[in-house]
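Student: give me coordinates for this.
(4 chains)
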There are 4 protein chains.
Amino acid sequence: MEIKQSLEKFMKTHQGHHFLQIPGPSPVPERVLRAMNKQVIDHRGPEFSRLGKEVLEGCRTVFKTSDPVVIYPSSGTGAWEAAIVNTLSPGDKVVMVETGHFATLWRQMVARWGIDVDFVPGDWRRGADPATIEAKLAEDRARSIKAVMVVHNETSTGATSRIAEIRKAIDKVSHPALLMVDTISSLGSVDYRHEEWAVDVTVSCLQKGLMLPPGLGFNAISKKALAASKTNKMPRSYWDWQEMLKPNVNGFFPYTPATSLLYGLREALAMLIEEGLEAVFARHQRLGAAARAAVRGWGLEVHCLEPAEYSPVLTAVLMPPGHDADQFRKIVLDNYNMSLGAGLSKLAGRVFRIGHLGECNELTLVAALTGVEMGLSAAGVPHLAGGVGAAMEVLEGRGDANSWPPLKVAAG
Amino acid sequence: MEIKQSLEKFMKTHQGHHFLQIPGPSPVPERVLRAMNKQVIDHRGPEFSRLGKEVLEGCRTVFKTSDPVVIYPSSGTGAWEAAIVNTLSPGDKVVMVETGHFATLWRQMVARWGIDVDFVPGDWRRGADPATIEAKLAEDRARSIKAVMVVHNETSTGATSRIAEIRKAIDKVSHPALLMVDTISSLGSVDYRHEEWAVDVTVSCLQKGLMLPPGLGFNAISKKALAASKTNKMPRSYWDWQEMLKPNVNGFFPYTPATSLLYGLREALAMLIEEGLEAVFARHQRLGAAARAAVRGWGLEVHCLEPAEYSPVLTAVLMPPGHDADQFRKIVLDNYNMSLGAGLSKLAGRVFRIGHLGECNELTLVAALTGVEMGLSAAGVPHLAGGVGAAMEVLEGRGDANSWPPLKVAAG
Amino acid sequence: MEIKQSLEKFMKTHQGHHFLQIPGPSPVPERVLRAMNKQVIDHRGPEFSRLGKEVLEGCRTVFKTSDPVVIYPSSGTGAWEAAIVNTLSPGDKVVMVETGHFATLWRQMVARWGIDVDFVPGDWRRGADPATIEAKLAEDRARSIKAVMVVHNETSTGATSRIAEIRKAIDKVSHPALLMVDTISSLGSVDYRHEEWAVDVTVSCLQKGLMLPPGLGFNAISKKALAASKTNKMPRSYWDWQEMLKPNVNGFFPYTPATSLLYGLREALAMLIEEGLEAVFARHQRLGAAARAAVRGWGLEVHCLEPAEYSPVLTAVLMPPGHDADQFRKIVLDNYNMSLGAGLSKLAGRVFRIGHLGECNELTLVAALTGVEMGLSAAGVPHLAGGVGAAMEVLEGRGDANSWPPLKVAAG
Amino acid sequence: MEIKQSLEKFMKTHQGHHFLQIPGPSPVPERVLRAMNKQVIDHRGPEFSRLGKEVLEGCRTVFKTSDPVVIYPSSGTGAWEAAIVNTLSPGDKVVMVETGHFATLWRQMVARWGIDVDFVPGDWRRGADPATIEAKLAEDRARSIKAVMVVHNETSTGATSRIAEIRKAIDKVSHPALLMVDTISSLGSVDYRHEEWAVDVTVSCLQKGLMLPPGLGFNAISKKALAASKTNKMPRSYWDWQEMLKPNVNGFFPYTPATSLLYGLREALAMLIEEGLEAVFARHQRLGAAARAAVRGWGLEVHCLEPAEYSPVLTAVLMPPGHDADQFRKIVLDNYNMSLGAGLSKLAGRVFRIGHLGECNELTLVAALTGVEMGLSAAGVPHLAGGVGAAMEVLEGRGDANSWPPLKVAAG
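Tutor: Next up is the predicted model:
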């Protein structure tokens, strides 16, 4: 009894390594932190020019494109806005899909810019349906739809939309709409191919698969999108692509760039390329499969319903009725020094989210899953004990062969 | 001869401490770099809430206001845009003053948003003239001018506009125009009082007086500006003040904040408050006076013509005819490992700029001035030798009593 | 099959967080790393004086003594030497106990200094026996034994000697021998009381419970030891206590101190004091109990045979016959990016050691244990699967009540 | 008046960049600090083996030798002791030269180890005289002198002994004595050639020319010294070369190495090799010449009397009678945030020392000299104003051609 109490006390001190297992910001690797721990330099000098060129080149590799990628000092939200104001005009019509909280936020932003959004409703438990998009575009004989805008990995739900199939759907009906994709929580973690999939604008940012602190936003821009930006009618200045592209040729930026984040980005890009993008993607698949095995092992439910769309980046878990996810997360934080992601908007209190992205590896994931399992006990949430063990089986290649990697099958 | 050659060779290696004497980004103090060298945290958790509140509170102290200050992941350019889109509507009329390159850029941005700018021409060698502004407003019987927009410290010229006097000019004619001030290169270095001077929107950013790497932009917002933001008609989302102000109450942000920069900002604000804002301003005055004494000692010309408007943050120096400032700067960089600021736009090649802001102190300034003096010799620019000595006299309090602090006299 | 191969490849890249689970050096907390990331200062100036005093005061708190603690730029081995040369003379007789590899090394060092060592043999599977020491001293009617020298926590075996009981044994026979204790891997992790237990010289260093990189060694010195140092006949200079103690009064050192490590030490001492030493000790007890539960869960054998002497700092595990511990450790490193401790000397290849000290917490430990469990599978070492689960039970307070904390019972 | 007072107040806050101009520890370059800001690794693992080998190889380059260099976790004082206990036996006779405070300290240490020191007296204003050493050895028909022990650069006086000439003196009389040289404040700053000059033991450490925080000591060991170590009779353990040399072959150490300092050392060695050792030496010569020109410009006296022995690493300056050097240094620290070196032992209060070593470059030196010049004024020390200007002339190659580089002439 006495021991129990004293334990409770010291466990609340948040001692030791903090496990940041939210679906982003993901933990910053020591190597990236170190790269940022560097004095700033003259942003108009020769050393900066080299830095700028290296970073812009590395971005193209990670976006898998030879198209330009522009970098804004902004959050990912800013990169959303940049995609909109550079391509669309007030009154334009676009198709978006309600995959979850972030798709909904992007839609609200689009609407604020005077765009007419056809928002395909969804249950927040799966990705965007290629067939529905195809149908919408097929109906649009007037070709009045200017863009299809999709979130690749819905950070709020753990469902990944199949962009390659959406591309095919658009092509099938030969619709000229731009394809704009939010890869905020997928870039550098989930297979993504800006150029091969003929995406027109890819939106992304730093703090997920790129393993950096937040503060930079990206737009990768196809030739078609660039052409659209020359005639669209949205007022803009900060986000204007043309202003960016000119000085970028020499590694410079039209306004003062966020130097320390660029130092870190250079290092993070190097790390991804050293590990190999395909290896990075396979690792995330593997970690996701293990996390889902744990959830099933606990007898709980993975929030995403479509195996072909399970996210390799995060796993959202449904709380059993009568139990509050936020209360559970607080217990985990207080007792095990781990941060889990909250359910957002209509999922608040109903799901918690386990991030397994960025520099996450096998043992880090198991630590996180253990924290969940022990937290379920501490919170009095009914569950089975075998979750961690089930995850270990997957990590050892002994788990259910069908449980992963689902996206590979889907892409086939 | 042999010695000379070998010297030339090793001096080009950019060895040792780099003197970053551009007028921003200014060198980041070790203490601030260290504060940023820290793992990111959950941006929705309790530890972040404390961070956010501390930083927002510290900002109000440094802006000298009890009004809200909002913080964007953006460059200062973004904060310019935020000021515009939150207060003005397409077709509105504003008065701006051509104090230099940055005033011109801000004007271009305002114009891109469909605002009608009355741009008071200037020779780029002094600040905004309060009397001219007063006259413009007096003429405006229809009260159609919605805002007066001024750059406090023109980083391109080294002239500081007298905001307190501009405030008086506006009040004298009882004009309801908003007063919007760019303090990008003055905040935390030059005396500035958002609330006392009844400024409506103060724009600023990190990388000058706040001594941080670039990446955050600020708007301090008066009640009058806030009221304007509720009725103005500019489309916006990312920059929208209302979205910011709501979560800010609890130390949170509407989209993922740039955590590592906020860590650094907390530390930098603490440093400014520890030294004392008045002491910080006096130090900058003193360093500016010493820099100008050096320029006069060399027999060269300070670009700013109005003593009451000398910048305490930077000193722009006119090159003698027939000598190229950029060539000179390259020689200084190659031989003495120091970066000086370039002349911008129409001043390109004609002036160079010495930054003496942020954590700059006496010995750092003298090092910079020595680099200039030796660089003038190396570049074959005719000059007198006594510049560094003249600066030392000022720093010792032995220099010309009239040479500084001019702004104090002006403000009286 | 194809998947398996590609997995094997990417798992060998040592990606993500490295789990450093050797029994020291232990991982350096980010907070300590950051404290060290600081420019050096004048080691004869006023700022250094404050640093020195703070660190020396903090050391006394952690050693639990009001006696002086001296700090050498050295490894722990140097602190061993300092204890010898300051107290003993050539030809002196001492009693030491063969608790394992490090006791054997210390004995060799003592012998190299011309001391006559009565080395009580041991099986490397338990701590020093108080009764044996008592008997040795009782026999020594001539009081010719000058010191009893014991390793508190044998890092090579995971057995902790009961110093309080050894003190009692010495007192029981009223023997004047000095008591010298190596706390290299126990200080700051295991309950230790220099003054209450009347230890004469306590030897320690940085890289275990103090959570720093290696580079400083300590001697805590009783009045009796100090008196001995004034008459003993061993030549010495670098290690001489008198030279240290004089400048220490003002926070200075007789030769250039290792400033950056002192910065880190100041921070680490603050962390230990903030968490509370008793809480730190209880945490280590708890982690040790969980680790041993895991070992039993795998059906393997904890190398330490005496429950009252189980180490809270590390657990040495016996490999089943026919399996090589170093091969196993290599597989763990290659597949799971975790370093485990090797068996040393006669235990080479026969045991591996799991470190759970310093900033280690629950989830870190479980990650380590999972790496062991999956590594045992990968290495084809026969074992049961339930180790990690058993550890979780202990961490949740559901495990075998008898399994911990054993030392508390022993001390009662 | 009012201004003066407020200035005094803010100048005492030690604001901005601190100029650490003591003759070591020298400022740690940001690049080296960053390299140390890294988690520790297993000191018995493969990654450490690579680190160890790289560092040991780099040391040989900087010592200019193919002989082994051993690295101790210790201050330079420890490396002094290592040189003694590995080569000499109690009762041995050695010749040492009283070049200053550090030669005197080393002599005291040698004496404590029971060695008979013939200490050639000196006035602390010049290096060791080769002719005197030659005479001493010539007299020693019995060849009883076991070693000649000299400090290369006397940090307390700013005089550099001519080791190449001392080597010639020894050879001239064909004396078999070992030559042992302290390069604590010269290695990596002043031309030094362990192998070419047939030095037997070179002692050094981190915190001067190697630009690191203190904490590691070095011995470079000739074959002759190694042979001596196999027969000498001094008790030792921690410092024993044999114990070091065995594991060093594989990049390992006999006891836990100071990992973070080794990270930094790897980087510092790389920096020296990138700049080029000859360029590094020429830079220090040049900075020393400029510093001495400043001293003469102030009408003060350089403490070192022998131009051929002026130190490129530091300049000790005599205070005019009636003025206290420590009071002056305090004024400089309080007013200009710069640390200067104190006069040591019999020079206390009579000289101050300006360090210009390590990463020091032109502008840093001039900043330091300016701080001295303004400090002399503030302290009311009579002096001429032209010191800084004289230094600038030398740095520009316009100064007195005879004033530097003196050692080159001497060596010719």
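
Student: quick one: is the lengthiest helix in chain A near chain C?
Tutor: As assigned by DSSP state H, the longest helix anywhere in chain A is helix A:277-297. Yes: Helix A:277-297 reaches chain C (C-beta under 8 Å from any C-beta of the partner chain) through A:278, A:279, A:282, A:283, A:286. Quick note: C-beta positions are derived from backbone N, CA and C, even for glycine.

Student: helix or strand with the lowest mean pLDDT in chain A?
Tutor: Least confident helix or strand, chain A: helix A:406-411 with a mean of 31, by mean pLDDT, DSSP states H and E.

Student: host element of residue A:49?
Tutor: Assigned by DSSP states H and E, residue A:49 belongs to helix A:46-63.

Student: go through that helix and flag the buried ones.
Tutor: Neighbour-count burial for helix A:46-63, with 16 or more other C-beta atoms under 10 Å in any protein chain shown as criterion, is recorded at A:48, A:51, A:52, A:54, A:55, A:56, A:58, A:59, A:60, A:62, A:63.

Student: where do the helices sit along the stretch 151-300 of chain A?
Tutor: In the stretch 151-300 of chain A, the helices defined using DSSP state H, counting those that start in this stretch lie at A:163-172, A:223-229, A:241-248, A:259-275, A:277-297.

Student: and the angle from the longest one to helix A:46-63?
Tutor: Going back to what we said before, that points to helix A:277-297. Relative orientation of helix A:277-297 versus helix A:46-63 (axes from the mean of the first three to the mean of the last three C-alpha atoms, to 10 degrees): 60 degrees.

Student: following the chain past helix A:277-297, name the next helix or strand.
Tutor: Going down the chain from helix A:277-297, the next helix or strand is strand A:301-302, by DSSP H and E.

Student: quick one: strands adjacent to that next one?
Tutor: strand A:314-318 (antiparallel) (DSSP bridges).

Student: name the next helix or strand downstream of the strand it pairs with, please.
Tutor: Assigned by DSSP H and E, the successor of strand A:314-318 is helix A:325-336.

Student: quick check: phi and psi at the residue nearest to the spatial centre of chain A.
Tutor: Geometric centre of chain A, nearest residue: residue A:185, 0.6 Å, by C-alpha atoms, centre = their mean. Per-residue torsions, residue A:185: phi -110, psi 20 (degrees, to the nearest 10).

Student: ok, it - contacts?
Tutor: By C-beta atoms under 8 Å, 6 or more residues apart in numbering or on different chains, the residues touching residue A:185 are A:23, A:24, A:152, A:153, A:155, A:208, A:209, A:313, A:314, A:357.

Student: can you check residue A:281 too?
Tutor: Contacts of residue A:281 by C-beta under 8 Å, 6+ apart are A:189, A:190, A:191, A:312.

Student: quick one: stretch A:109-125 to chain centroid distance?
Tutor: 19 Å (C-alpha atoms, centre = their mean, to the nearest Å).

Student: tell me the mean pLDDT for it?
Tutor: Mean per-residue pLDDT for stretch A:109-125: 98.

Student: tabulate the CA atom coordinates of it in PDB.
Tutor: Below are the C-alpha coordinates for stretch A:109-125, written out as PDB (Å, rounded to 0.1, in the frame of the first residue of the first chain):
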ATOM      1  CA  MET A 109     -10.400  27.400 -45.900                       C
ATOM      2  CA  VAL A 110     -11.300  26.800 -49.500                       C
ATOM      3  CA  ALA A 111     -14.800  28.100 -48.900                       C
ATOM      4  CA  ARG A 112     -13.400  31.200 -47.200                       C
ATOM      5  CA  TRP A 113     -11.600  32.000 -50.400                       C
ATOM      6  CA  GLY A 114     -15.000  32.100 -52.200                       C
ATOM      7  CA  ILE A 115     -14.700  28.700 -53.900                       C
ATOM      8  CA  ASP A 116     -17.700  26.500 -54.400                       C
ATOM      9  CA  VAL A 117     -16.900  23.200 -52.800                       C
ATOM     10  CA  ASP A 118     -18.600  20.000 -53.600                       C
ATOM     11  CA  PHE A 119     -17.800  18.200 -50.400                       C
ATOM     12  CA  VAL A 120     -18.300  14.500 -50.700                       C
ATOM     13  CA  PRO A 121     -19.600  13.300 -47.300                       C
ATOM     14  CA  GLY A 122     -17.700  10.600 -45.400                       C
ATOM     15  CA  ASP A 123     -17.800   8.700 -42.200                       C
ATOM     16  CA  TRP A 124     -14.200   9.600 -41.200                       C
ATOM     17  CA  ARG A 125     -13.300   5.900 -41.200                       C
END
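
Student: and chain B, is that stretch touching that?
Tutor: Yes: applying C-beta under 8 Å from any C-beta, one finds stretch A:109-125 touching chain B at A:109, A:112, A:113, A:114.

Student: roughly how far does residue A:338 sit from residue D:285?
Tutor: According to C-beta to C-beta, to the nearest Å, residue A:338 stands 58 Å off from residue D:285.

Student: show residues contacting stretch A:141-151.
Tutor: A:83, A:87-89, A:92-97, A:99-100, A:102-103, A:106, A:110, A:118, A:128, A:133, A:136-137, A:161, A:163, A:166, A:170, A:175-182, A:184, A:200.

Student: right, I mislabeled it, should have said stretch A:264-272
Tutor: A:28-29, A:31-36, A:51, A:54-55, A:58-59, A:61-62, A:71, A:188, A:206, A:209-213, A:216, A:280.

Student: again, only using 6 Å
Tutor: A:31-32, A:35-36, A:54-55, A:58, A:62, A:188, A:210-212, A:280 (C-beta atoms under 6 Å, 6 or more residues apart in numbering or on different chains).

Student: distance to residue A:290 and pLDDT added to those, as JSON lines?
Tutor: Conversion of those to JSON lines gives the following (distance: C-beta to C-beta, whole Å; pLDDT from 0 to 100):
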{"residue": "A:31", "distance to residue A:290": "25", "pLDDT": "96"}
{"residue": "A:32", "distance to residue A:290": "25", "pLDDT": "98"}
{"residue": "A:35", "distance to residue A:290": "30", "pLDDT": "97"}
{"residue": "A:36", "distance to residue A:290": "31", "pLDDT": "98"}
{"residue": "A:54", "distance to residue A:290": "35", "pLDDT": "98"}
{"residue": "A:55", "distance to residue A:290": "33", "pLDDT": "98"}
{"residue": "A:58", "distance to residue A:290": "29", "pLDDT": "98"}
{"residue": "A:62", "distance to residue A:290": "25", "pLDDT": "98"}
{"residue": "A:188", "distance to residue A:290": "20", "pLDDT": "98"}
{"residue": "A:210", "distance to residue A:290": "23", "pLDDT": "98"}
{"residue": "A:211", "distance to residue A:290": "20", "pLDDT": "98"}
{"residue": "A:212", "distance to residue A:290": "25", "pLDDT": "98"}
{"residue": "A:280", "distance to residue A:290": "16", "pLDDT": "97"}
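
Student: quick one on the thing from earlier: give me the more crowded residue out of residue A:338 and residue D:285.
Tutor: For residue A:338 versus residue D:285, neighbours defined as other C-beta atoms under 10 Å in any protein chain shown are more numerous around residue A:338 (28 against 22).

Student: check the more buried one and give its pLDDT.
Tutor: Here, the pLDDT recorded for residue A:338 equals 98.

Student: quick check: it touching residue A:329?
Tutor: No: using C-beta atoms under 6 Å, residue A:338 makes no contact with residue A:329, being 9.0 Å away.

Student: how many neighbours does the closest residue to residue A:226 other than its chain neighbours have?
Tutor: The shortest distance from residue A:226 to any non-neighbouring residue, by C-beta to C-beta, 6 or more residues apart in numbering or on different chains, is to residue A:241 (6.9 Å). Neighbour count for residue A:241, taken as other C-beta under 10 Å: 23.

Student: what confidence value was assigned to residue A:241?
Tutor: Taking residue A:241 on its own, its pLDDT is 98.

Student: now the one 10 residues further on
Tutor: We note a pLDDT of 98 for residue A:251 in this prediction.
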